[in-house]
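Asker: What would the 3D arrangement of this be:
(4 chains)
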Protein chains: 2
Amino acid sequence: MTKSIFEIAQLAEVSVTTVRLVINGQDQKYRISEKTRSRIQSIIDEHGYYINQTARNLKLRKTQTLGLVVPRLSNLFFSQLIEILEVSCRNAGYQLITVCSYDDPALEQNLTENLIQREVDGLFVVSSSRESQLKLAKLCQKPVVFLDRNFDVDGISSVTTDNIQGGYQLGCVMAKKLNGRELFVLGADGWLPTIQNRIAGLKSGLADSGYQLPEQDIVIKGLAVADWDNCIKTMEELCQNRGVPKALVTSSLPVFEGCMQYLVSEYGSIPQDMLLGTYDEHSSLNFIPNQVVSVCQNAEGIAESAFEMMLKKINKEELLDTVRVIKSNLVIR
Amino acid sequence: MTKSIFEIAQLAEVSVTTVRLVINGQDQKYRISEKTRSRIQSIIDEHGYYINQTARNLKLRKTQTLGLVVPRLSNLFFSQLIEILEVSCRNAGYQLITVCSYDDPALEQNLTENLIQREVDGLFVVSSSRESQLKLAKLCQKPVVFLDRNFDVDGISSVTTDNIQGGYQLGCVMAKKLNGRELFVLGADGWLPTIQNRIAGLKSGLADSGYQLPEQDIVIKGLAVADWDNCIKTMEELCQNRGVPKALVTSSLPVFEGCMQYLVSEYGSIPQDMLLGTYDEHSSLNFIPNQVVSVCQNAEGIAESAFEMMLKKINKEELLDTVRVIKSNLVIR
DNA sequence: ATGAAAGCGCTAACAG
DNA sequence: CTGTTAGCGCTTTCAT
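Answerer: Okay, the predicted model is just below:
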């Protein structure tokens, strides 16, 4: 067991105040005599001392800790976002603690409550539903910044990707590359504004470039991203009902992977002349021989903007733009 | 601000004990009268009450929290491991908090200290060096389970993949598929026992299947996994000095990605007849037209074994096998 | 230059 | 069945 300040004080035969001043490096300021200082220091060196953050947190009513709730860790976009956010936090003296909700509203609620009870100083949340977002926004007095998803709840702070713009750009490029091929769109998580915006943007981009996408060529399921099997199944249905598409756009990388997986397991490989488009970026998209166009979200921009908002909220500074939208980049291959 | 137990007690005109019993659902056990219970409950419903974990933790000297230090979050193997471990923890009433060390020993030390100060009940660590592992093992009185890497430090508990066996299997299959092609091996993080074992296993697997791998055909750099650019550069050197390999084994997925990236950016695509082998698995390996053999680590097995060890340590139960090695699975395409 | 004491919110032991 | 009280280790204010 590590010693407490009190115990160190007893051993050094001084008061807790004196010990604390030495520990916090304020010995100069309060002119602690050198011999007391060194006596205390040697006791600490000998017996070891770790500050007990639990006690400090209780006293100060803050923890220098920020919470982050994400749907999945094994989704590259989120794990990159976390890494960047964690660095920003650490540089500013905050510890980020990350938990995973699997897009389950009940679990999300549970996790956020838990983080609040742990007295985090602020909360970043990728909400799984409008209700969760609304509830948290109402209930939580601590600073909250919503990431990646804004369910159009009044008065919240959020940082999201400009999915409409990203979709539009993708639509324009896909239309030009189609060369008469028929395009299908396949997606999951259809209840998310994120996905809805992506599709809306895509449609208008296609239309503006001369391709009217029929509604029946869009298959957006309400399934959760986690359901790899369901993605495969949806792709299977599509292929069986409408034939293997000559051009395909998927609403996110997990869906893309599910679709490709189906093609590979059913036909041995991805048809060579198939034009592909997807939201999200991954280095492996470079390794597929097919033409792949992808929308790369700016994880760094999102993280930095979100952290800056958080800091301002914590410090109660003026915050004018509380709903921020970050542009994505199109990657054409 | 959320009310404290004391404040609730005042409002209800009862004592803190009574309130606490109601809050903790022990009202039956201590036969709190129904009318007191309901009065307290309605006050709580009206004013809201969150338990202050900070205070509880201080009092009880435990936090129902476990810490996890990993080198990278954006590495699929680790993010999967985290997800699984987090679920195990939550099911047992523990909150997992994960931090990222970037394989920097100083940062790792800093992060572990920080977690200890936060009074985590136990620590999972993927160590970046023998020194870190040694130091932590010596210093930390809390339960520690080392994951993924064992630097052969005495007396520690660890759960790692059986890298020698995985390498051996990969070697056997690669040798059979070579058909006269010359094999090169490219890796990073060469200081890790993990990597050394993988290479050693590979060599003996190849040898036992009739292919003697010359030392000069193995390029293992000491570079950190993070250095994507360095992977590309190493591959560039290899290709320029020895020609584009007809068969290649990489020591991990990030290295694989770096190598493929070089080939694609230099030659437009991955040479069709190139035989590939790599440690780590990813669905995208299915989408490459080439033959790819990969070693899939058993993240679930590792996580479950590690958590079980942790629980036993926390409960001070007997623990006979403290160094566990989990088999991986070969994926042949 | 150093010390004493109150109190953060909670729990547990003991008292009635 | 309910109340009182003593800390957990730290910070802060006020004394000396």
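Asker: Now A:Gly301. Nearest residue, chain neighbours left out?
Answerer: Leaving aside its sequence neighbours, A:Gly301 sits nearest to A:Ile326 (CB to CB, 6 or more residues apart in numbering or on different chains; 4.6 Å). For glycine as for every other residue, the C-beta is placed from the backbone atoms N, C-alpha and C.
Asker: Contact partners for the one you found?
Answerer: By CB atoms under 8 Å, 6 or more residues apart in numbering or on different chains, A:Ile326 lies in contact with A:Val159, A:Thr160, A:Thr161, A:Asp162, A:Gln297, A:Asn298, A:Gly301, A:Ile302, A:Ser305.
Asker: Each with direction, which strands does the helix or strand where the second one lies pair with?
Answerer: Using DSSP states H and E, A:Thr160 sits in strand A:158-161. Each strand that pairs with strand A:158-161, with its direction, by DSSP bridges: strand A:144-147 (parallel), strand A:323-326 (parallel).
Asker: Deepest-packed of these, please.
Answerer: For the strands paired with strand A:158-161, the largest average neighbour count (mean count of other CB atoms under 10 Å in any protein chain shown) is found in strand A:144-147, namely a mean of 24.
Asker: got the contact list for that one?
Answerer: Contacts of strand A:144-147 (CB under 8 Å, 6+ apart): A:70, A:81, A:122-127, A:133, A:136-137, A:156-160, A:302, A:306, A:309-310, A:313.
Asker: Take those residues and keep only those in helices.
Answerer: A:Leu81, A:Gln133, A:Leu136, A:Ala137, A:Ile302, A:Ala306, A:Met309, A:Met310, A:Lys313 (DSSP state H).
Asker: quick one: the third one from A:Thr112, how far?
Answerer: The span separating A:Leu136 from A:Thr112 equals 6 Å under the rule CB to CB, to the nearest Å.
Asker: quick one: the helices in the stretch 101-250 of chain A?
Answerer: Taking DSSP state H, counting those that start in this stretch to define them, one finds helices in the stretch 101-250 of chain A at A:105-117, A:130-139, A:163-178, A:193-208, A:228-242.
Asker: Give me the distance between A:Val120 and B:Thr65.
Answerer: Using CB to CB, A:Val120 is found at 13 Å from B:Thr65.
Asker: When the two are compared, which one has more neighbours?
Answerer: Neighbour totals were compared for A:Val120 and B:Thr65, and A:Val120 leads with 24 against 21 (other CB atoms under 10 Å in any protein chain shown).
Asker: if I pick the residue in the stretch 201-333 of chain A that chain B sits nearest to, what's in contact with it?
Answerer: Closest contact between the stretch 201-333 of chain A and chain B, by CB to the nearest CB, is at A:Ser284 (3.4 Å). By CB under 8 Å, 6+ apart, the contact list for A:Ser284 reads B:Glu257, B:His282, B:Ser284, B:Phe287, B:Ile288.
Asker: could you dump those to a markdown table with pLDDT and secondary structure?
Answerer: A markdown table is the format used below for these (pLDDT from 0 to 100; DSSP: H, G, I helix; E, B strand; the rest coil):
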| residue | pLDDT | secondary structure |
| --- | --- | --- |
| B:Glu257 | 95 | helix |
| B:His282 | 96 | coil |
| B:Ser284 | 96 | helix |
| B:Phe287 | 95 | helix |
| B:Ile288 | 95 | coil |
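Asker: what's the model's confidence in stretch A:22-34, averaged?
Answerer: Averaging pLDDT along stretch A:22-34 yields 77.
Asker: Can you check the distance spanned by that stretch, start to finish?
Answerer: End-to-end distance for stretch A:22-34: 10 Å, by CA to CA, to the nearest Å.
Asker: That one: which residues count as buried?
Answerer: Residues of stretch A:22-34 classed as buried by neighbour count (16 or more other CB atoms under 10 Å in any protein chain shown): A:Val22, A:Ile23, A:Asp27, A:Ile32.
Asker: Please list which of those are also close to DNA strand D.
Answerer: A:Ile23 (CB under 7 Å from any atom of the strand).
Asker: can you give me phi and psi for A:Arg37?
Answerer: When read as degrees, to the nearest 10, the backbone of A:Arg37 gives phi -60, psi -50.
Asker: Tell me the secondary structure at the closest residue to it other than its chain neighbours.
Answerer: In this structure, A:Arg37 finds its nearest non-sequential neighbour in A:Asp27, 5.0 Å apart by CB to CB, 6+ apart. Assigned with DSSP: H, G, I helix; E, B strand; the rest coil, A:Asp27 falls in the coil class.
Asker: Report the separation between A:Asp27 and B:Leu60.
Answerer: From A:Asp27 across to B:Leu60, the span is 33 Å (CB to CB).
Asker: in a strand, that's where A:Gly67 is, yeah?
Answerer: Yes. Assessed by three-state DSSP, A:Gly67 belongs to a strand.
Asker: Which members of the buried residues of stretch A:22-34 are positioned in helices?
Answerer: Those of the buried residues of stretch A:22-34 lying in helices (DSSP H): A:Val22, A:Ile23.
Asker: Which pair of the buried residues of stretch A:22-34 spans the longest distance?
Answerer: Farthest-apart pair in the buried residues of stretch A:22-34 is A:Ile23 and A:Ile32; separation 11.1 Å (CB to CB).
Asker: The closest residue to A:Arg72 other than its chain neighbours: neighbour count?
Answerer: Distances taken as CB to CB, 6+ apart put A:Phe78 closest to A:Arg72, at 5.9 Å, once the chain neighbours are dropped. Around A:Phe78 there are 23 other residues, counting by other CB under 10 Å.
Asker: Quick check: which ranges of the stretch 151-300 of chain A have low pLDDT?
Answerer: Applying pLDDT under 70 to the stretch 151-300 of chain A picks out residues A:223-226.
Asker: Check it for the residue nearest DNA strand C and tell me.
Answerer: A:Ser157 (26.0 Å; CB to the nearest atom of the strand).
Asker: show me what contacts that residue?
Answerer: So A:Ser157 contacts A:Val144, A:Val145, A:Phe146, A:Met309, A:Lys313, A:Leu319, A:Thr322, A:Val323 (CB under 8 Å, 6+ apart).
Asker: quick one: the residue lying closest to it once chain neighbours are set aside from A:Val145, how far?
Answerer: Counting by CB to CB, 6+ apart, A:Ser157 lies nearest to A:Thr322, which is 4.3 Å off, once chain neighbours are set aside. For A:Thr322, the distance to A:Val145 (CB to CB) stands at 9 Å.
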